[in-house]
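K.L.:
quick one, what's the 3D model for this:
(one chain, ligands or ions: 1)
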Amino acid sequence: MSWSVGFIGLGNMGSRMANNLLKAGYKMTVHDVNCNVMKMYSEMGVSTKQTPFEVAEASDVVITMLPSSSHVLDVYNGSNGLLQGGSLLTPRLLIDSSTIDPQTSRKLSMSVSNCTLKEKKDNWENPVMLDAPVSGGVVGAEAGSLTFMVGGSEDAYLAAKSLLLSMGKNTIFCGGPGNGSAAKICNNLVMAVSMLGVSEALALGQSLGITASTLTKIFNSSSARCWSSDSYNPVPGVMQGVPSSRNYSGGFASKLMAKDLNLAAASAEEVGLKCPLTFVAQNIYTEICKDGHETEDFSCVFHHYYSGESELN
Ligand code: NAD
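P.N.:
Okay, the predicted model is just below:
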């Protein structure tokens with residue numbers, strides 16, 4: 001399908017995702033509030049627009065990759081936003097890949113469903129929105145190996161699949177609107193809590209006289225094994241090629257983990273579910289950021305929160 005694709009939000013993730021779409025041959029129109037980024041794309045010969053609305057007018061599909069819910073709301077509902085044209089929309093599909101709260105995804109999906117298409121094409125009756133946040137980070141965005149967690153109509157998901165696979169290697173349909181956003185914040189909640197659990201146990205082990213290297217071997221061949229112990233170990237010197245082996249640089253920043261835990265905590269409060277680990281994890285990552293480690297990889301809790309020791313020789 002030769003869709004023309006609009007892309008809004010060309011930051012660390014978005015620029016790499018947009019570049020993979022360009023490589024795949026999609027005709028693109030882009031927008032970002034950062035003039036330098038716009039200049040760069042313009043010099044690459046890509047069509048740039050001053051507002052989200054102009055991007056919408058030029059596109060069959062619009063993808064957004066923005067910092068947070070407020071930015072997404074602004075790009076959709078702001079004065080020059082995607083939905084500025086009232087109930088008539090040019091793009092048939094709007095895909096938001098930002099990590100935001102499921103409630104906002106659901107509200108926006110409803111607003112989009114209440115619109116009609118300016119021009120009906122390829123049997124699409126109404127415009128549709130998908131929430132499609134990603135996991136895989138900047139490395140996955142660059143390599144085109146992201147995993148998309150998709151909420152919305154299943155037909156729209158199937159129609160969007162090949163477009164998403166130009167930027168990723170997995171797509172998982174999660175159910176109705178907002179379920180992609182829900183999946184993303186639940187995934188990162190597990191990631192935070194398991195990292196804290198592994199860090200806490202390895203630091204305790206060191207204090208009791210067992211090295212983290214020995215304890216990690218035990219975890220990885222027994223019931224404590226998890227991604228934080230066997231693929232992303234937080235102790236400097238235990239694994240090569242992970243952020244802990246390079247001063248906690250070049251990974252998933254603690255401030256992004258704090259942001260995702262804030263979303264999980266707000267969602268837990270909204271539905272009234274008892275989620276004590278969510279709030280403990282939120283407090284720890286808030287503290288880590290306040291102490292000046294916000295750009296360090298989130299595995300730095302081992303060192304900065306638990307005062308665990310490096311096992312680098
Ligand atoms: P970023 O801050 O690097 O990029 C955001 C881009 O959006 C910037 O270029 C900014 O200028 C632009 N922008 C902000 N407001 C805008 C507006 N109103 N209109 C147009 N452009 C606007 O952020 P990022 O790291 O690329 O993350 C984007 C999203 O992806 C976030 O929701 C984040 O939580 C999520 N995410 C990030 C990672 C990661 O490792 N960086 C991993 C998974 C998910």
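K.L.:
contacts, neighbours, all on C-alpha from now
P.N.:
Noted.
K.L.:
for Asn247, give me its contacts.
P.N.:
Pro236 (Cα atoms under 8 Å, 6 or more residues apart in numbering).
K.L.:
what pLDDT does the model give the residue in the chain sticking out farthest from the centre?
P.N.:
The centre of the chain is farthest from one residue, Gly209, which by Cα atoms, centre = their mean lies 38.7 Å away. Here the pLDDT value assigned to Gly209 is 98.
K.L.:
again, but for Ser105
P.N.:
98.
K.L.:
list the contacts of Leu108.
P.N.:
73, 76, 129.
K.L.:
does the ligand sit close to the lengthiest helix in the chain?
P.N.:
Determined from DSSP state H, the single longest helix within the chain is helix 179-207. No. Using Cα under 6 Å from any ligand atom, we find that helix 179-207 stays clear of the ligand, coming within 8.6 Å at best.
K.L.:
since we're on the closest residue to Glu309 other than its chain neighbours, how many residues are nearby?
P.N.:
The shortest distance from Glu309 to any non-neighbouring residue, by Cα to Cα, 6 or more residues apart in numbering, is to His303 (6.6 Å). Residues near His303, counting by other Cα atoms under 10 Å, number 18.
K.L.:
SS state for His303?
P.N.:
Using DSSP: H, G, I helix; E, B strand; the rest coil, the structure places His303 in helix.
K.L.:
quick check: it touching Glu311?
P.N.:
No. Using Cα atoms under 8 Å, His303 is not in contact with Glu311, being 11.4 Å away.
K.L.:
neighbours of the residue in the stretch 201-313 of the chain that the ligand sits nearest to, how many?
P.N.:
Closest residue of the stretch 201-313 of the chain to the ligand, Cα to the nearest ligand atom: Phe252 (5.3 Å). Phe252 has 18 neighbouring residues, counting by other Cα under 10 Å.
K.L.:
Glu54 is in what secondary structure piece?
P.N.:
When elements are defined using DSSP states H and E, Glu54 is found to belong to helix 52-57.
K.L.:
who are the packing partners of the helix or strand that that helix is followed by?
P.N.:
Remark: after helix 52-57, the chain's next helix or strand is strand 61-64, criterion DSSP H and E. Applying 3 or more Cα pairs under 8 Å, 6 or more residues apart in numbering; DSSP states H and E, one finds that strand 61-64 contacts strand 4-8, strand 93-96.
K.L.:
so for Asn179, which of those strands sits nearest?
P.N.:
strand 93-96 (12.3 Å; Cα to Cα).
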